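Chemist: What follows is a predicted structure for the sequence shown.
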Amino acid sequence: MKAFLLRQTGGIEKLRPEEITKPRIEANEVLIKVQAISINPVDIYVRKDINALKTFILPEAGQDIFILGWDVAGIVEEIGEDVKDFKIGDAVFGLINFRGAGNAYAEYVAAPESQVALKPNNISFEQAAAACLAALTAWQALAIHAKLKPGEKVLIHAAAGGVGHYAVPIAKHLGAYVVGTASADNKEFVLSLGADEFVDYQNQKVEELVTDADVVLDPMYGDHLLRSIKAAKKGGRIISLLTDFEGAIAEAASMKEVHGYHMAVASNGHDMKEIASLLERGIISSHISASYDFEELPKAHQHQEVGNSRGKIVVKI
């Protein structure tokens with residue numbers, strides 16, 4: 001099979017297509033003939049930085065060849081002897097082995113049965129691949145970690161991005177009043193997702209306009225969390241995707257009695273079934289800003305690296 005291998009961290013030229021052996025599956029795994037994958041910001045970090053690679057891939061001792069990627073949608077070609085819920089020919093999708101070796105940049109992927117779900121018939125493989133890491137992050141952040149309740153006010157930063165464009169309709173589905181931030185040219189898009197209010201982060205200070213959020217979803221690095229703390233009400237909850245609550249940030253949160261949690265998305269087939277249901281009912285949908293053929297995967301990385309994409313970038317295989 002063909003796969004994009006990473007033998008050394010660095011630029012997009014480090015992603016090289018090669019012919020390798022098709023993976024063997026364990027008793028609890030399915031072999032997926034991949035139809036589409038999606039690219040996430042974490043893919044870029046791992047490709048560029050050896051420390052990120054060690055953090056997210058969790059390489060074995062002496063390992064020097066890697067296949068990046070975690071978001072997969074495709075067709076089950078083989079099933080392990082212990083697999084109960086899937087059969088050959090099923091269309092499935094999922095976030096595979098995050099954190100760990102997802103090995104998604106390949107024509108075939110071995111995936112634990114417990115991490116995938118049936119793809120809804122009313123969406124494409126590209127739309128399904130897009131709704132893995134990003135949609136799971138939004139669901140786990142709001143429904144599981146924040147325990148968002150009907151009537152609460154939630155502030156979602158980067159509401160037009162990969163996580164954000166799922167988080168807005170998920171929050172509305174959970175009964176929240178939603179404020180979304182993005183650049184001015186994304187205003188209509190964010191409002192179309194269901195946001196009740198929009199804040200142009202480039203020209204407005206969200207912490208001056210919002211000071212009473214029950215929940216804040218913050219996908220930014222560094223001191224941006226200080227602004228989120230100001231936007232949260234006393235006793236509010238902040239879910240941070242990239243930054244730890246420590247030092248001055250932890251002190252500021254403590255002073256305001258804000259509950260901060262730094263979360264990492266986790267592969268989970270039960271949660272993938274929730275995502276599948278939301279997609280099937282049209283509660284969430286995948287906005288694909290760009291689609292690339294498999295041989296163009298480095299270009300997809302380059303596109304993601306530029307940033308500010310609306311929705312998701314996918315690769316067809």
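Modeler: The structure has been received and is ready for your questions.
Chemist: those helices in this structure, which residues are they?
Modeler: Secondary structure of the chain (DSSP state H): helices located at 41-48, 50-57, 125-130, 133-139, 164-173, 187-192, 206-209, 224-231, 247-255, 269-280, 297-306.
Chemist: just checking, what packs against the fourth one?
Modeler: Using 3 or more Cβ pairs under 8 Å, 6 or more residues apart in numbering; DSSP states H and E as the contact criterion, the elements in contact with helix 133-139 are helix 164-173, helix 269-280. (Glycine included, C-beta is placed from N, CA and C.)
Chemist: Can I get that helix in CSV? Just the C-alpha atoms.
Modeler: C-alpha atoms of helix 133-139 as CSV (Å, rounded to 0.1, in the frame of the first residue of the first chain):
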residue,chain,number,x,y,z
LEU,A,133,-10.7,14.9,16.1
ALA,A,134,-12.3,18.4,15.8
ALA,A,135,-15.9,17.3,16.4
LEU,A,136,-14.9,14.9,19.2
THR,A,137,-13.0,17.8,20.8
ALA,A,138,-16.0,20.0,20.7
TRP,A,139,-18.3,17.3,22.1
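Chemist: Would you mind finding the most buried of the helices and strands packed on helix 133-139?
Modeler: helix 164-173 (a mean of 27; mean count of other Cβ atoms under 10 Å).
Chemist: Now do it against helix 269-280, angle only.
Modeler: Interaxial angle of helix 164-173 relative to helix 269-280 (axes from the mean of the first three to the mean of the last three Cα atoms, to 10 degrees): 90 degrees.
Chemist: returning to that earlier point: can you add mean pLDDT and give the helices of the chain back as a markdown table?
Modeler: Putting these into a markdown table (pLDDT from 0 to 100) gives the following:
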| stretch | mean pLDDT |
| --- | --- |
| helix 41-48 | 97 |
| helix 50-57 | 95 |
| helix 125-130 | 98 |
| helix 133-139 | 98 |
| helix 164-173 | 98 |
| helix 187-192 | 98 |
| helix 206-209 | 96 |
| helix 224-231 | 97 |
| helix 247-255 | 96 |
| helix 269-280 | 98 |
| helix 297-306 | 96 |
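Chemist: With distance to residue 81 as extra columns, can I get those in CSV?
Modeler: Shown next, in CSV, are the helices of the chain (distance: least, Cβ to Cβ, whole Å):
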stretch, distance to residue 81
helix 41-48, 32
helix 50-57, 28
helix 125-130, 26
helix 133-139, 28
helix 164-173, 35
helix 187-192, 47
helix 206-209, 53
helix 224-231, 47
helix 247-255, 49
helix 269-280, 18
helix 297-306, 33
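Chemist: just so I know, which of those helices lies nearest residue 30?
Modeler: Nearest to residue 30 among these is helix 269-280 (10.9 Å), distances taken as Cβ to Cβ.
Chemist: The closest one: how far from the chain's middle?
Modeler: 14 Å (Cα atoms, centre = their mean, to the nearest Å).
Chemist: Which strands and helices lie in contact with that helix?
Modeler: strand 91-95, strand 116-118, helix 133-139, helix 164-173.
Chemist: Show residues contacting that helix.
Modeler: Here helix 269-280 makes contact (Cβ atoms under 8 Å, 6 or more residues apart in numbering) with 93-95, 112-123, 127-128, 131-132, 135-136, 139-140, 143-144, 169-170, 173, 284-286.
Chemist: isn't residue 195 right up against residue 181?
Modeler: No - judged on Cβ atoms under 8 Å, residue 195 makes no contact with residue 181 at a distance of 9.3 Å.
Chemist: related to what we said a few turns ago, now tabulate the helices and strands packed on helix 133-139 in JSON lines and tack on distance to residue 190.
Modeler: Putting the helices and strands packed on helix 133-139 into JSON lines (distance: least, Cβ to Cβ, whole Å) gives the following:
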{"stretch": "helix 164-173", "distance to residue 190": "7"}
{"stretch": "helix 269-280", "distance to residue 190": "18"}
